[in-house]
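A.B. asks: Fold the following for me, if possible:
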Amino acid sequence: MTTAKSEIAVTNSSSPGITLTLETTGIFLGILVSASLLAGVAINVISKMNRISSSITQIEEALKGYAGNAEKIRDLDKRFDLHIQEYINRKDVVQMVLGQLDQKINHKFRRLLFYTRDVQQFLQRDTAFKIREYEETTQQDE
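C.D. replies: Alright, predicted model coming up:
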């Protein structure tokens, strides 16, 4: 009997290189998909952080503007208080001057009234002059 020898092709794997099998290809594709998903998540997180950072910067600038406005309002409030105090002081001075004028007028009026009464008494006593009586009454101020 003759037996046939079967020969299997044998490759000489002495050359350096990578042998790809279905299993290593699956692992390689899994790694690529995972890396791309991680990169997508990282890009999403970084973009959200950039938006938050720009939002914070805008808020800081708005607060600086508001702080400047608050300082202006504080300055205007101080000036307004000074104007109110100046108005009160002027009002007090005017009232004091008017009070002094009123006292001077009353004093002059009383002196004139006494002079008039003296003249009336002299005319009644030494002459036949008649003095009319008016309905006005004079009161002395305190």
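A.B. asks: could you pull out the helices for the protein?
C.D. replies: 22-126 (DSSP state H).
A.B. asks: where does it have low pLDDT?
C.D. replies: 1-17, 134-142 (pLDDT under 70).
A.B. asks: how much space between Ile59 and Leu113?
C.D. replies: 79 Å (Cβ to Cβ, to the nearest Å). C-beta: built from backbone N, CA, C; applies to glycine.
A.B. asks: oh, I was asking about Gly30
C.D. replies: For Gly30, the distance to Leu113 equals 121 Å [Cβ to Cβ].
A.B. asks: where does Phe129 fall, phi/psi-wise?
C.D. replies: The phi/psi pair for Phe129 (degrees, to the nearest 10) reads phi -70, psi 130.
A.B. asks: Count the neighbours of it for me.
C.D. replies: By other Cβ atoms under 10 Å, 11 other residues sit near Phe129.
A.B. asks: No further questions, thank you.
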